[in-house]
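Asker: Predicted model, plus sequence, below.
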2 protein chains.
Amino acid sequence: MDEVIAEMMTKILTIYEKEHGKVLTRDKYWGKRLQDVPEVMAYRPLIFEKGFFRDLPVMKDSQEVLQELSERFDIYIVTAAMTFRNSFEDKYDWLEEHFSFIPWRNVVFCGDKHIIKTDWLIDDTSYNLKNFSGTPLLYTSSHNTREDRYRRVNNWQEIREYFADK
Amino acid sequence: MDEVIAEMMTKILTIYEKEHGKVLTRDKYWGKRLQDVPEVMAYRPLIFEKGFFRDLPVMKDSQEVLQELSERFDIYIVTAAMTFRNSFEDKYDWLEEHFSFIPWRNVVFCGDKHIIKTDWLIDDTSYNLKNFSGTPLLYTSSHNTREDRYRRVNNWQEIREYFADK
(Lines give C-alpha, C1' and ligand atoms only; values in the text may rest on other atoms or scores of the structure.)
Protein backbone atom coordinates (compact mmCIF):
# COMPACT_ATOMS: atom_id res chain seq x y z
CA MET A 1 0.00 0.00 0.00
CA ASP A 2 2.41 2.72 1.21
CA GLU A 3 4.87 3.79 -1.49
CA VAL A 4 3.18 1.47 -4.01
CA ILE A 5 -0.38 2.75 -4.28
CA ALA A 6 -0.30 5.40 -1.51
CA GLU A 7 2.27 8.20 -1.52
CA MET A 8 3.42 8.47 2.08
CA MET A 9 6.74 10.10 1.22
CA THR A 10 5.03 12.72 -0.93
CA LYS A 11 2.80 13.70 1.98
CA ILE A 12 5.79 14.11 4.27
CA LEU A 13 7.66 16.17 1.67
CA THR A 14 4.61 18.42 1.27
CA ILE A 15 4.40 18.97 5.02
CA TYR A 16 8.14 19.74 5.09
CA GLU A 17 7.72 22.27 2.30
CA LYS A 18 4.84 24.02 4.05
CA GLU A 19 6.67 24.19 7.36
CA HIS A 20 10.05 25.26 5.98
CA GLY A 21 8.93 27.37 3.05
CA LYS A 22 11.23 25.43 0.73
CA VAL A 23 11.32 22.01 -0.85
CA LEU A 24 13.48 19.17 0.43
CA THR A 25 15.59 18.59 -2.65
CA ARG A 26 15.82 15.11 -4.09
CA ASP A 27 19.55 14.76 -3.35
CA LYS A 28 18.72 14.98 0.37
CA TYR A 29 16.68 11.76 0.44
CA TRP A 30 16.87 9.82 -2.84
CA GLY A 31 18.87 6.62 -2.49
CA LYS A 32 18.94 6.81 1.31
CA ARG A 33 17.27 4.76 3.99
CA LEU A 34 14.64 6.89 5.69
CA GLN A 35 16.40 6.59 9.04
CA ASP A 36 19.35 8.36 7.44
CA VAL A 37 17.27 11.36 6.40
CA PRO A 38 16.79 13.51 9.52
CA GLU A 39 14.50 15.94 7.69
CA VAL A 40 12.04 13.07 7.08
CA MET A 41 12.57 11.33 10.41
CA ALA A 42 11.51 14.53 12.18
CA TYR A 43 7.99 13.77 10.97
CA ARG A 44 7.99 10.11 12.01
CA PRO A 45 5.67 10.71 15.02
CA LEU A 46 3.00 11.91 12.58
CA ILE A 47 2.55 8.47 11.06
CA PHE A 48 1.33 7.11 14.40
CA GLU A 49 -1.42 9.72 14.56
CA LYS A 50 -5.03 9.19 13.54
CA GLY A 51 -5.74 10.67 10.16
CA PHE A 52 -2.24 10.48 8.73
CA PHE A 53 -3.02 7.65 6.29
CA ARG A 54 -6.47 8.94 5.39
CA ASP A 55 -5.47 11.59 2.86
CA LEU A 56 -2.33 10.20 1.22
CA PRO A 57 -2.10 10.99 -2.49
CA VAL A 58 -2.81 8.04 -4.77
CA MET A 59 0.23 6.76 -6.70
CA LYS A 60 0.08 7.81 -10.34
CA ASP A 61 -1.71 5.33 -12.62
CA SER A 62 -2.20 2.77 -9.83
CA GLN A 63 -6.01 2.96 -9.93
CA GLU A 64 -6.23 2.62 -13.69
CA VAL A 65 -3.73 -0.23 -13.96
CA LEU A 66 -5.10 -2.16 -10.98
CA GLN A 67 -8.62 -1.81 -12.33
CA GLU A 68 -7.42 -3.27 -15.63
CA LEU A 69 -5.51 -6.08 -13.93
CA SER A 70 -8.47 -6.90 -11.69
CA GLU A 71 -10.29 -8.11 -14.79
CA ARG A 72 -7.72 -10.89 -15.26
CA PHE A 73 -6.28 -11.42 -11.76
CA ASP A 74 -7.47 -11.59 -8.16
CA ILE A 75 -5.95 -8.47 -6.66
CA TYR A 76 -5.18 -8.37 -2.93
CA ILE A 77 -4.04 -5.32 -1.00
CA VAL A 78 -1.66 -6.51 1.73
CA THR A 79 -0.37 -3.82 4.02
CA ALA A 80 1.85 -3.99 7.09
CA ALA A 81 -0.67 -1.98 9.08
CA MET A 82 0.01 -3.68 12.43
CA THR A 83 2.90 -1.27 13.00
CA PHE A 84 0.36 1.53 13.21
CA ARG A 85 -2.71 0.72 15.33
CA ASN A 86 -4.17 4.12 14.54
CA SER A 87 -3.98 3.56 10.79
CA PHE A 88 -6.54 0.73 10.50
CA GLU A 89 -9.67 2.78 9.91
CA ASP A 90 -7.83 5.37 7.80
CA LYS A 91 -6.41 2.68 5.52
CA TYR A 92 -9.76 0.92 5.24
CA ASP A 93 -11.59 4.16 4.38
CA TRP A 94 -8.85 5.28 1.96
CA LEU A 95 -9.10 1.98 0.06
CA GLU A 96 -12.87 2.24 -0.03
CA GLU A 97 -12.58 5.76 -1.44
CA HIS A 98 -9.87 5.17 -4.03
CA PHE A 99 -9.97 1.45 -4.81
CA SER A 100 -13.61 0.54 -4.35
CA PHE A 101 -13.33 -2.07 -7.13
CA ILE A 102 -11.17 -4.19 -4.81
CA PRO A 103 -13.54 -6.07 -2.49
CA TRP A 104 -12.97 -5.91 1.27
CA ARG A 105 -12.48 -9.68 1.20
CA ASN A 106 -9.21 -9.01 -0.61
CA VAL A 107 -7.75 -6.58 1.91
CA VAL A 108 -5.18 -7.78 4.44
CA PHE A 109 -3.72 -5.83 7.34
CA CYS A 110 -0.73 -7.72 8.68
CA GLY A 111 2.60 -7.46 10.37
CA ASP A 112 4.89 -9.91 8.67
CA LYS A 113 4.00 -10.65 5.03
CA HIS A 114 5.82 -13.98 4.99
CA ILE A 115 2.65 -16.01 5.47
CA ILE A 116 1.02 -14.48 2.40
CA LYS A 117 0.61 -16.90 -0.47
CA THR A 118 0.00 -15.11 -3.77
CA ASP A 119 1.56 -15.56 -7.20
CA TRP A 120 3.19 -12.11 -7.22
CA LEU A 121 4.00 -9.53 -4.58
CA ILE A 122 4.69 -5.91 -5.54
CA ASP A 123 6.40 -4.21 -2.60
CA ASP A 124 8.86 -1.40 -1.93
CA THR A 125 10.43 -3.17 1.06
CA SER A 126 12.94 -5.93 0.36
CA TYR A 127 12.27 -7.48 3.80
CA ASN A 128 8.74 -8.29 2.61
CA LEU A 129 9.98 -9.81 -0.66
CA LYS A 130 12.55 -12.03 1.04
CA ASN A 131 11.36 -15.63 1.31
CA PHE A 132 8.23 -14.80 -0.67
CA SER A 133 7.03 -18.03 -2.31
CA GLY A 134 5.80 -16.39 -5.53
CA THR A 135 7.48 -13.91 -7.88
CA PRO A 136 8.66 -10.76 -6.09
CA LEU A 137 8.57 -7.34 -7.79
CA LEU A 138 10.35 -4.42 -6.15
CA TYR A 139 8.52 -1.11 -6.56
CA THR A 140 11.11 1.65 -6.74
CA SER A 141 11.15 4.01 -3.78
CA SER A 142 13.79 6.47 -2.57
CA HIS A 143 14.93 4.04 0.14
CA ASN A 144 15.44 0.98 -2.09
CA THR A 145 17.40 2.26 -5.09
CA ARG A 146 20.47 0.19 -4.18
CA GLU A 147 18.56 -3.08 -3.83
CA ASP A 148 19.44 -5.36 -6.73
CA ARG A 149 18.14 -8.79 -5.70
CA TYR A 150 14.65 -8.40 -7.20
CA ARG A 151 13.11 -7.54 -10.52
CA ARG A 152 12.36 -3.84 -10.32
CA VAL A 153 9.28 -1.90 -11.46
CA ASN A 154 9.60 1.90 -11.47
CA ASN A 155 5.99 2.89 -11.96
CA TRP A 156 2.55 1.52 -12.76
CA GLN A 157 3.05 1.72 -16.51
CA GLU A 158 5.91 -0.74 -16.11
CA ILE A 159 3.64 -2.98 -14.07
CA ARG A 160 1.05 -2.82 -16.86
CA GLU A 161 3.73 -3.88 -19.37
CA TYR A 162 5.08 -6.63 -17.12
CA PHE A 163 1.67 -8.27 -16.80
CA ALA A 164 0.66 -7.77 -20.44
CA ASP A 165 1.71 -11.31 -21.39
CA LYS A 166 0.99 -13.03 -18.07
CA MET B 1 -10.12 -15.42 16.73
CA ASP B 2 -13.91 -15.40 17.22
CA GLU B 3 -15.24 -18.71 18.53
CA VAL B 4 -11.68 -20.10 18.78
CA ILE B 5 -9.93 -17.81 21.25
CA ALA B 6 -12.67 -15.19 21.73
CA GLU B 7 -16.16 -16.15 22.86
CA MET B 8 -18.49 -14.09 20.70
CA MET B 9 -21.46 -16.42 21.12
CA THR B 10 -21.08 -16.41 24.89
CA LYS B 11 -21.25 -12.61 24.93
CA ILE B 12 -24.45 -12.63 22.88
CA LEU B 13 -26.02 -15.31 25.11
CA THR B 14 -25.14 -13.22 28.17
CA ILE B 15 -26.78 -10.13 26.67
CA TYR B 16 -29.86 -12.21 25.78
CA GLU B 17 -30.06 -13.50 29.34
CA LYS B 18 -29.83 -10.01 30.82
CA GLU B 19 -32.48 -8.60 28.49
CA HIS B 20 -34.92 -11.50 28.74
CA GLY B 21 -34.34 -12.56 32.32
CA LYS B 22 -33.85 -16.15 31.20
CA VAL B 23 -31.18 -18.16 29.45
CA LEU B 24 -31.39 -19.17 25.81
CA THR B 25 -31.32 -22.92 26.21
CA ARG B 26 -28.77 -24.93 24.26
CA ASP B 27 -31.40 -26.74 22.18
CA LYS B 28 -32.38 -23.37 20.68
CA TYR B 29 -29.01 -22.80 18.99
CA TRP B 30 -26.72 -25.81 19.21
CA GLY B 31 -26.24 -27.49 15.83
CA LYS B 32 -27.86 -24.64 13.93
CA ARG B 33 -26.46 -22.03 11.58
CA LEU B 34 -26.60 -18.65 13.28
CA GLN B 35 -28.91 -17.26 10.58
CA ASP B 36 -31.44 -19.91 11.66
CA VAL B 37 -31.46 -18.75 15.28
CA PRO B 38 -33.64 -15.60 15.40
CA GLU B 39 -32.87 -15.03 19.10
CA VAL B 40 -29.18 -14.62 18.20
CA MET B 41 -29.72 -12.82 14.89
CA ALA B 42 -31.65 -10.13 16.77
CA TYR B 43 -28.30 -9.03 18.19
CA ARG B 44 -26.42 -9.05 14.89
CA PRO B 45 -26.35 -5.23 14.61
CA LEU B 46 -24.32 -5.15 17.84
CA ILE B 47 -21.31 -6.78 16.22
CA PHE B 48 -20.90 -3.81 13.90
CA GLU B 49 -20.69 -1.41 16.82
CA LYS B 50 -17.50 -0.06 18.35
CA GLY B 51 -16.63 -1.85 21.54
CA PHE B 52 -18.38 -5.14 20.81
CA PHE B 53 -15.17 -7.12 20.30
CA ARG B 54 -13.24 -5.36 23.06
CA ASP B 55 -14.60 -7.32 26.02
CA LEU B 56 -15.27 -10.80 24.65
CA PRO B 57 -14.51 -13.55 27.15
CA VAL B 58 -11.33 -15.51 26.43
CA MET B 59 -11.89 -19.12 25.32
CA LYS B 60 -11.06 -21.54 28.12
CA ASP B 61 -7.41 -22.70 28.16
CA SER B 62 -6.56 -20.86 24.92
CA GLN B 63 -4.04 -18.56 26.58
CA GLU B 64 -2.23 -21.32 28.43
CA VAL B 65 -2.10 -23.71 25.46
CA LEU B 66 -1.08 -21.04 22.93
CA GLN B 67 1.63 -19.81 25.27
CA GLU B 68 2.98 -23.36 25.48
CA LEU B 69 2.73 -23.90 21.71
CA SER B 70 4.43 -20.56 21.03
CA GLU B 71 7.61 -22.05 22.48
CA ARG B 72 7.73 -24.61 19.66
CA PHE B 73 5.73 -22.96 16.84
CA ASP B 74 5.31 -19.55 15.23
CA ILE B 75 1.75 -18.67 16.19
CA TYR B 76 -0.25 -16.31 13.98
CA ILE B 77 -3.66 -14.88 14.81
CA VAL B 78 -5.60 -14.57 11.55
CA THR B 79 -9.03 -13.03 11.86
CA ALA B 80 -11.62 -12.13 9.24
CA ALA B 81 -11.88 -8.62 10.64
CA MET B 82 -12.57 -6.88 7.32
CA THR B 83 -16.26 -7.72 7.71
CA PHE B 84 -16.31 -5.35 10.68
CA ARG B 85 -14.55 -2.03 10.11
CA ASN B 86 -15.34 -0.97 13.65
CA SER B 87 -13.69 -4.05 15.14
CA PHE B 88 -10.07 -3.30 14.16
CA GLU B 89 -8.97 -1.36 17.21
CA ASP B 90 -11.03 -3.51 19.57
CA LYS B 91 -9.47 -6.69 18.25
CA TYR B 92 -5.97 -5.23 18.35
CA ASP B 93 -6.39 -4.04 21.94
CA TRP B 94 -8.04 -7.31 23.02
CA LEU B 95 -5.10 -9.31 21.67
CA GLU B 96 -2.62 -6.99 23.36
CA GLU B 97 -4.47 -7.46 26.66
CA HIS B 98 -4.98 -11.22 26.57
CA PHE B 99 -2.32 -12.58 24.19
CA SER B 100 0.56 -10.18 24.67
CA PHE B 101 3.04 -13.03 24.10
CA ILE B 102 2.01 -13.09 20.43
CA PRO B 103 3.90 -10.29 18.65
CA TRP B 104 1.98 -7.76 16.55
CA ARG B 105 4.00 -8.96 13.56
CA ASN B 106 2.03 -12.21 13.79
CA VAL B 107 -1.43 -10.67 13.72
CA VAL B 108 -3.42 -10.62 10.47
CA PHE B 109 -6.75 -8.90 9.83
CA CYS B 110 -8.14 -10.15 6.55
CA GLY B 111 -11.23 -10.89 4.57
CA ASP B 112 -10.64 -14.13 2.77
CA LYS B 113 -8.20 -16.50 4.49
CA HIS B 114 -7.36 -18.38 1.32
CA ILE B 115 -4.13 -16.51 0.74
CA ILE B 116 -2.78 -17.47 4.15
CA LYS B 117 0.10 -19.92 4.04
CA THR B 118 0.67 -21.65 7.36
CA ASP B 119 1.16 -25.30 8.28
CA TRP B 120 -2.07 -25.54 10.25
CA LEU B 121 -5.23 -23.48 10.49
CA ILE B 122 -7.58 -23.82 13.46
CA ASP B 123 -10.92 -22.31 12.53
CA ASP B 124 -14.61 -22.68 13.34
CA THR B 125 -15.73 -21.80 9.79
CA SER B 126 -15.48 -24.49 7.12
CA TYR B 127 -15.37 -21.83 4.39
CA ASN B 128 -11.99 -20.74 5.75
CA LEU B 129 -10.66 -24.30 5.88
CA LYS B 130 -11.70 -25.09 2.32
CA ASN B 131 -8.75 -24.95 -0.09
CA PHE B 132 -6.36 -24.32 2.80
CA SER B 133 -2.92 -25.55 1.71
CA GLY B 134 -1.86 -26.85 5.14
CA THR B 135 -3.65 -29.10 7.63
CA PRO B 136 -7.10 -27.79 8.60
CA LEU B 137 -8.50 -28.24 12.11
CA LEU B 138 -12.15 -27.46 12.76
CA TYR B 139 -12.78 -25.89 16.15
CA THR B 140 -16.22 -27.02 17.34
CA SER B 141 -18.83 -24.31 17.53
CA SER B 142 -22.63 -24.46 17.71
CA HIS B 143 -22.94 -23.67 14.00
CA ASN B 144 -20.54 -26.34 12.70
CA THR B 145 -21.53 -29.53 14.52
CA ARG B 146 -22.71 -31.22 11.29
CA GLU B 147 -19.51 -30.48 9.37
CA ASP B 148 -17.57 -33.73 8.89
CA ARG B 149 -14.95 -32.91 6.24
CA TYR B 150 -12.26 -31.80 8.67
CA ARG B 151 -10.45 -33.15 11.68
CA ARG B 152 -12.31 -31.71 14.64
CA VAL B 153 -10.97 -30.24 17.89
CA ASN B 154 -13.52 -29.61 20.63
CA ASN B 155 -11.46 -27.52 23.01
CA TRP B 156 -7.94 -26.28 23.73
CA GLN B 157 -6.98 -29.39 25.70
CA GLU B 158 -7.59 -31.43 22.55
CA ILE B 159 -5.41 -28.97 20.63
CA ARG B 160 -2.67 -29.44 23.22
CA GLU B 161 -2.90 -33.21 22.76
CA TYR B 162 -2.98 -32.97 18.97
CA PHE B 163 0.26 -30.99 18.87
CA ALA B 164 2.02 -32.99 21.56
CA ASP B 165 3.87 -35.15 19.01
CA LYS B 166 4.13 -32.56 16.22
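Answerer: Yep, it's here.
Asker: From now on I want contacts and neighbour counts done on CA atoms only, so please keep to that.
Answerer: Fine.
Asker: All the helices of chain A, residue numbers only.
Answerer: A:8-20, A:38-41, A:62-69, A:88-98, A:126-129, A:156-163 (DSSP state H).
Asker: What residues sit buried inside the second one?
Answerer: What that stands for is helix A:38-41. Buried residues in helix A:38-41, counted by 16 or more other Cα atoms under 10 Å in any protein chain shown: A:39, A:40.
Asker: How about the longest one?
Answerer: For helix A:8-20, a neighbour-count test (16+ other Cα under 10 Å) marks A:8, A:9, A:11, A:12, A:13, A:16 as buried.
Asker: Any chance of CSV for those, columns pLDDT and distance to chain B?
Answerer: Listed next are those as CSV, based on pLDDT from 0 to 100; distance: Cα to the nearest Cα, whole Å:
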residue, pLDDT, distance to chain B
A:8, 95, 21
A:9, 94, 23
A:11, 96, 24
A:12, 96, 25
A:13, 96, 28
A:16, 96, 30
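Asker: quick one: residue A:137 and residue A:121 touch, right?
Answerer: Yes: with contact defined as Cα atoms under 8 Å, residue A:137 and residue A:121 form a contacting pair (6.0 Å).
Asker: does any part of stretch A:82-89 sit near chain B?
Answerer: Yes: with Cα under 8 Å from any Cα of the partner chain as the criterion, chain B is reached by stretch A:82-89 at A:82, A:83, A:85, A:86, A:88, A:89.
Asker: For those, name the two members farthest from one another.
Answerer: Checked with Cα to Cα, the residues of stretch A:82-89 next to chain B reach their widest spread between A:83 and A:89, with 13.6 Å between them.
Asker: separation between the residue located most distally from the centre of chain A and residue A:14?
Answerer: Relative to the centre of chain A, the most outlying C-alpha is that of residue A:21, 26.8 Å out, by Cα atoms, centre = their mean. Applying Cα to Cα, to the nearest Å, the value for residue A:21 to residue A:14 is 10 Å.
Asker: Which residues of chain A lie near chain B?
Answerer: Neighbours of chain B within chain A, by Cα under 8 Å from any Cα: A:82-83, A:85-86, A:88-89, A:92, A:104-112, A:115-118.
Asker: Restricted to strands, list those residues.
Answerer: Within the residues of chain A next to chain B, residues falling in strands by DSSP state E are A:107, A:108, A:109.
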